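Novice: for reference, the sequence and a predicted model appear below.
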Amino acid sequence: NSEFIDVKKELKQVRDYIEIEKARFGEKINVIYDIDEVDIKIPSLTIQPLVENAIVHGILKDNHNGTIKISLKDEDEKVRISIVDSGIGISEEMINNIYTDNVPEKKIGLYNVHSRIKLIYGEGLNIRKLDKGTRIEFFIKKNI
């Protein structure tokens, strides 16, 4: 029963959220946008919780300034959406818990997005711990 919205509207909500966080934390948070012009609808509140997760559980838990890169890349029949942060990085245990539906009650934001994307598109989030930070991406099929 997810409400679908234009990806541009979702991105506006993300930008508004980031501006609030930057007002609170200043230079600690740097954001890079790499957005292709795409005309798709996505489930509401899909990107924003991933960005929030990157800020709260990645960058703010690190003792250094951090960067989040938000990308929407047009790849023919689909759009790749990715959020990469330079924070402390997600644990392999948490990744495994998300993929095996074994998430603690208070750690459900990322899991909820994964479950919704998987239910709608058949494939959930691709979550990877990086040398420094975390990469989360998923694909939205275009209506061709």
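Specialist: Perfect, I can see it now.
Novice: need the helices for this structure, in chain order.
Specialist: 7-25, 47-53, 92-99, 109-121 (DSSP state H).
Novice: list the contacts of the spatially most central residue of the chain.
Specialist: Central residue of the chain (CA atoms, centre = their mean): residue 50, 2.9 Å from the mean position. With contact taken as CB atoms under 8 Å, 6 or more residues apart in numbering, residue 50 is in contact with 83, 110, 113, 125, 136. Any C-beta I mention is one placed from the backbone N, CA and C, and that applies to glycine too.
Novice: format the residues you listed as a markdown table; extra columns: pLDDT and neighbour count.
Specialist: Listed next are the contacts of residue 50 as a markdown table, based on pLDDT from 0 to 100; neighbours: other CB atoms under 10 Å:
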| residue | pLDDT | neighbour count |
| --- | --- | --- |
| 83 | 98 | 23 |
| 110 | 90 | 24 |
| 113 | 93 | 23 |
| 125 | 97 | 24 |
| 136 | 97 | 23 |
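Novice: residue 94: which of those residues is nearest?
Specialist: Ranked by distance to residue 94 (CB to CB), these are led by residue 110 at 7.9 Å.
Novice: correct me, but that closest one touches residue 51?
Specialist: No - at 11.3 Å, residue 110 does not count as touching residue 51 under the criterion of CB atoms under 8 Å.
Novice: circling back to that earlier point, could you redo the helices of the chain as CSV and give each row distance to residue 132?
Specialist: Output for those, formatted as CSV (distance: least, CB to CB, whole Å):
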stretch, distance to residue 132
helix 7-25, 19
helix 47-53, 16
helix 92-99, 15
helix 109-121, 19
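Novice: of all the ones you listed, which lies closest to residue 73?
Specialist: Among the helices of the chain, helix 7-25 sits nearest to residue 73 (CB to CB), with 12.1 Å.
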